[in-house]
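> Got a predicted model here, sequence first, then my questions.
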Amino acid sequence: MTIRRKYHCDNPDCPHEKQKKMSDWVRKNLPDGQKFYVTDLDFVLYDPKGCGKIMLVEVKTYNGELTGAQKTIKRKMVRFFEQGFNSYPNGCKFLGFHVIRFERDSFISGKCFLDDKEVTEKELIEFLSMGVK
């Protein structure tokens, strides 16, 4: 499998680059991307009260977009969670797969969008907290 990713920084000792070693290994050793999709997921948020609420979150910086593989995996995961998690009794709830996109890399350096809608830091905190106080 071809490794096609941007490096986070030029310093090989950067902790972000060290975390990518497993990603590189997976991409090198697993089947080619035409047959087998590989992606990571940035956050799984879970509120365990009752049966629980769960939300999946992907974060993109510098106006990044989901790749084709990520879009395919997102659609499948949404269907899986909606059919599986939401079928449990006692109020289990799948709250969706959401994309947070920063204009640059943070609230300080630019705008933030939640599922293509501009949000403030406070609005994002409220949304991601899933009603937990």
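Noted; the coordinates are in hand.
> Not including adjacent chain positions, what is the nearest residue to V26?
In this structure, V26 finds its nearest non-sequential neighbour in V38, 5.6 Å apart by Cβ to Cβ, 6 or more residues apart in numbering. Just so you know, the C-beta spots here come from the backbone N, C-alpha and C atoms, and that holds for glycine as well.
> Please apply the same query to V99.
Using Cβ to Cβ, 6+ apart, the nearest residue to V99 is E58, at 5.1 Å.
> In the helix or strand hosting that neighbour, which residues are buried?
Per DSSP states H and E: E58 is located in strand 53-60. Residues 53-58 are the ones in strand 53-60 that count as buried (16 or more other Cβ atoms under 10 Å).
> Between strand 53-60 and the lengthiest strand in the chain, find me the angle.
Scanning the chain for the strand with the most residues, using DSSP state E, yields strand 93-102. With axes from the mean of the first three to the mean of the last three Cα atoms, to 10 degrees applied, the angle from strand 93-102 to strand 53-60 works out at 20 degrees.
> Show me what strand 93-102 pairs with in its sheet, parallel or antiparallel.
Strand 93-102 has the following strand partners under DSSP bridges: strand 53-60 (parallel), strand 112-114 (antiparallel).
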